[in-house]
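*Asks:* Predicted structure and sequence below. I'll ask about it afterward.
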Amino acid sequence: MSEMPVIDQERCNGCGLCISVCTCQALLMINNIITIIEKEECTWCTQCEVVCPTGAIACPFEIVFSNS
């Protein structure tokens, strides 16, 4: 998948909630900041974004409309 969660390091408070819900173990805490370490393993489920209390994680996506 080309799009990955984006982490705003200034907003991350290091609570670790995102790590607890990441089923692919793609996140790691480095110096109290969340980092994506296994981009190939990330299934882009968006659960990390849902639980982040500071809004530091965003899972961008593209909406595609088709005329079918």
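*Replies:* Nice, I can see it. Since the model is a prediction, treat every value here as computed from it, not as a measurement. Numbers count the residues shown, from 1 in each chain.

*Asks:* All the helices of the protein, in order from the start?
*Replies:* Here the chain has its helices, by DSSP state H, at 17-21, 47-51.

*Asks:* out of those helices, deepest packed?
*Replies:* Among these, helix 47-51 has the highest mean neighbour count (mean count of other Cβ atoms under 10 Å), at a mean of 18. C-beta: built from backbone N, CA, C; applies to glycine.

*Asks:* tell me which strands and helices that helix is in contact with?
*Replies:* helix 17-21, strand 57-58 (3 or more Cβ pairs under 8 Å, 6 or more residues apart in numbering; DSSP states H and E).

*Asks:* chain center to the last one, what's the gap?
*Replies:* Read that as strand 57-58. Put simply, strand 57-58 sits 5 Å off its chain's centre (Cα atoms, centre = their mean, to the nearest Å).

*Asks:* and that strand, average pLDDT?
*Replies:* Averaging pLDDT along strand 57-58 gives 93.

*Asks:* Mind listing residues that contact it?
*Replies:* 5-8, 12, 18, 34, 48-49 (Cβ atoms under 8 Å, 6 or more residues apart in numbering).

*Asks:* where are the low-confidence patches of this protein?
*Replies:* For the chain, the stretches with pLDDT under 70 are 1-3, 62-64, 68.

*Asks:* the strands in this structure, which residues?
*Replies:* Ranges of strands in the chain, per DSSP state E, are 6-7, 27-30, 33-36, 57-58.

*Asks:* Quick one: these as TSV, columns for distance to residue 43 too.
*Replies:* Putting the strands of the chain into TSV (distance: least, Cβ to Cβ, whole Å) gives the following:
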stretch	distance to residue 43
strand 6-7	16
strand 27-30	12
strand 33-36	12
strand 57-58	15
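
*Asks:* could you dump those to a markdown table with mean neighbour count and distance to residue 65?
*Replies:* Below are the strands of the chain laid out as a markdown table (neighbours: other Cβ atoms under 10 Å; distance: least, Cβ to Cβ, whole Å):
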| stretch | mean neighbour count | distance to residue 65 |
| --- | --- | --- |
| strand 6-7 | 16 | 24 |
| strand 27-30 | 15 | 32 |
| strand 33-36 | 18 | 29 |
| strand 57-58 | 19 | 22 |
